[in-house]
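A.B. asks: okay, here's the prediction I keep looking at, along with the sequence it came from:
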Amino acid sequence: MVRPHLSLNFALSADGRITSIAGISSGWTSEADQERFHRLRVEADALLVGRGTLEADRMTLTAPQNPLRCVISRTGKFDPSHPLFHTPGGPIHLLGTEHAPRKIKDTVGHHSTLAQFLERLHQDFGVERLHCEGGASLVRELAEIDAIDEIHLTWAGHTLFGGRDAPGLTGPPGDFLASSRHYQLTHFESLTESGECFLSYRRA
Ligand SMILES: NC(=O)c1ccc[n+]([C@@H]2O[C@H](COP(=O)([O-])OP(=O)(O)OC[C@H]3O[C@@H](n4cnc5c(N)ncnc54)[C@H](OP(=O)(O)O)[C@@H]3O)[C@@H](O)[C@H]2O)c1
């Protein structure tokens, strides 16, 4: 598959969860994590999130270089009143995999598989670096098609969430991937003040 270089950024609790059972993610990590979150965006030609994360975190996907703002859905049911559609920034691309996305002013709609969308971003829109900020269902499919080149994690070992159905990086507990994906550590930084660690990995 010809596609952009794809990076992920996630915060993980001590028990490897990305969110509590209540579905709250923002606000439970540190100021340093928030700064890194924004720093990682600056290198991207495009940002990508699932519709669940867009809704839960009220994301507007902005950065100084105005990257493309991409959101994926199966149903294509995007809410036109969401702040994303009312905040200046890069061009908005909406992907509906099972149903074409609802038509919303000033957005580009796509109806294809995730893999085809990645190819299209690269070939038709010149995206070299695509940065994904969640959520877990999206990461699960990216891992299935083996399209994750880089993983940035904030290990927030100060918090335990528990929760039988609470998602980890590849979603709620479920089937194994067809084969494990392996990554090499490229960066490790411990932050004693916040009790967190920054980790970066590259596909081995
Ligand atoms: N800790 C962290 O760093 C972090 C990062 C990101 C998110 N989160 C948290 O994670 C939770 C959201 O997780 P989630 O798993 O629900 O999020 P998600 O993957 O962002 O959203 C799920 C929805 O996105 C669409 N989607 C996802 N994968 C798809 C695929 N392969 N093909 C087509 N559509 C796809 C579907 O939308 P439709 O329903 O429209 O079909 C699906 O219902 C939130 O609580 C959020 O705050 C935490």
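C.D. replies: Okay, I see it. Residues are numbered from 1 along each chain as shown.

A.B. asks: what strand or helix carries Pro88?
C.D. replies: Taking DSSP states H and E as the definition, Pro88 sits outside all helices and strands.

A.B. asks: mind listing what it touches?
C.D. replies: Counting by Cβ atoms under 8 Å, 6 or more residues apart in numbering, Pro88 touches Thr62. All C-beta atoms are positioned from the backbone trio N, CA, C, and that covers glycine.

A.B. asks: for it, give me phi and psi.
C.D. replies: phi -60, psi 150 (degrees, to the nearest 10).

A.B. asks: measure it to Leu61 for me?
C.D. replies: 11 Å (Cβ to Cβ, to the nearest Å).

A.B. asks: give me the pLDDT for the closest residue to Thr113 other than its chain neighbours.
C.D. replies: For Thr113, ignoring the flanking residues on the chain, the nearest one in space by Cβ to Cβ, 6 or more residues apart in numbering is Thr97 at 6.0 Å. With respect to pLDDT, Thr97 scores 98.

A.B. asks: Thr97 touches Leu114, doesn't it?
C.D. replies: Yes - using Cβ atoms under 8 Å, Thr97 makes contact with Leu114 at a distance of 6.3 Å.

A.B. asks: quick one: common contacting residues for the two?
C.D. replies: Ile72.

A.B. asks: quick one: average pLDDT of stretch 131-141?
C.D. replies: 96.

A.B. asks: now the end-to-end length of that stretch.
C.D. replies: 15 Å (Cα to Cα, to the nearest Å).

A.B. asks: kindly report the same for stretch 144-153.
C.D. replies: So stretch 144-153: terminal residues 19 Å apart, Cα to Cα.

A.B. asks: buried residues in it?
C.D. replies: For stretch 144-153, a neighbour-count test (16 or more other Cβ atoms under 10 Å) marks Ala147, Ile148, Asp149, Glu150, Ile151, His152, Leu153 as buried.
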